[in-house]
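Visitor: Provided below for reference: sequence and predicted model.
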Amino acid sequence: MTGDAPAPSGRPRPIFILASASPRRRRLLEGAGYRFDVEPSTVDESQVPTEGLSPADCAGCLALAKAHDVARRRPDRLVLGADTLVHCDGWIIGKARDAEHAERITRLLFGRPHEVITGLALVWIDRDIEIVEADVTVVHPRPMSDEDLARHIASQRWQDKAGAYAIQEDDAFIERLEGSFSNVVGLPLERLARMFDRLQLYF
């Protein structure tokens, strides 16, 4: 659990459970001064029905499934679920399965602008609370050379990352962003703060 850093308003941050094992999300929340526990969801994303949904609705649906998975075990606590995906040319892209898949994804994404979308879900069963939102950032990349691509794949930094890259590690290949930087890392802190403000849950 992190320290009791005050919110920008001077009020203490809300305490909640993060339904994710992502170290990037944990570091973002810690850096923002939130107090939280970590209890990763065990949801199999492939079993969550998302067919026909828009990319934003797909991310929100997956985030909600993860939040509910933990909230059912902890109905007395506020739970935060999150899911990040990438949308490019009509394709919804998650994490690469292997190095070959990562290379195909990287060639696609670093040849044109693409969207990074994170769904956020706040669920508190005992208080009948359920809020789902999504944040979108447009990433304008710089083209990678074949040598750059080979180094990226060999580095294995693509593993366990939506879109097979991490902006905090591969920023040399990003020209500019339209939207939240933290969203591309995996958790849009600005939108999350607004969601907490809507709840007015301060301790």
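Guide: Looks like it came in fine. Numbering: from 1, shown residues only.
Visitor: pLDDT (mean, whole number) over stretch 93-101?
Guide: Throughout stretch 93-101, pLDDT has a mean value of 85.
Visitor: buried residues in that stretch?
Guide: Applying a neighbour-count criterion of 16 or more other Cβ atoms under 10 Å, the buried positions in stretch 93-101 are 93, 94, 95, 96. Using the backbone N, CA and C atoms, a C-beta is placed for each residue, glycine as well.
Visitor: ok, now how distant is the second one from residue 146?
Guide: Same thing as residue 94. Applying Cβ to Cβ, to the nearest Å, the value for residue 94 to residue 146 is 25 Å.
Visitor: next secondary structure after the lengthiest helix in the chain?
Guide: The helix that spans the most residues within the chain, counting by DSSP state H, is helix 55-71. Moving toward the C-terminus from helix 55-71, the next helix or strand (DSSP states H and E) is strand 79-88.
Visitor: partners of that next one, with directions?
Guide: strand 15-18 (parallel), strand 91-93 (antiparallel), strand 114-124 (antiparallel) (DSSP bridges).
Visitor: which helix or strand lies directly C-terminal to the second one?
Guide: What it means is strand 91-93. helix 99-109.
Visitor: pull the CA atoms of that following helix into CSV?
Guide: Extracted C-alpha coordinates of helix 99-109, given in CSV (Å, rounded to 0.1, in the frame of the first residue of the first chain):
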residue,chain,number,x,y,z
ALA,A,99,8.5,-12.7,-31.6
GLU,A,100,7.1,-13.2,-35.1
HIS,A,101,3.7,-11.8,-34.1
ALA,A,102,5.5,-8.9,-32.4
GLU,A,103,7.4,-8.1,-35.7
ARG,A,104,4.1,-8.0,-37.7
ILE,A,105,2.5,-5.7,-35.1
THR,A,106,5.5,-3.4,-35.0
ARG,A,107,5.7,-3.1,-38.8
LEU,A,108,2.0,-2.2,-38.9
LEU,A,109,2.0,0.3,-36.0
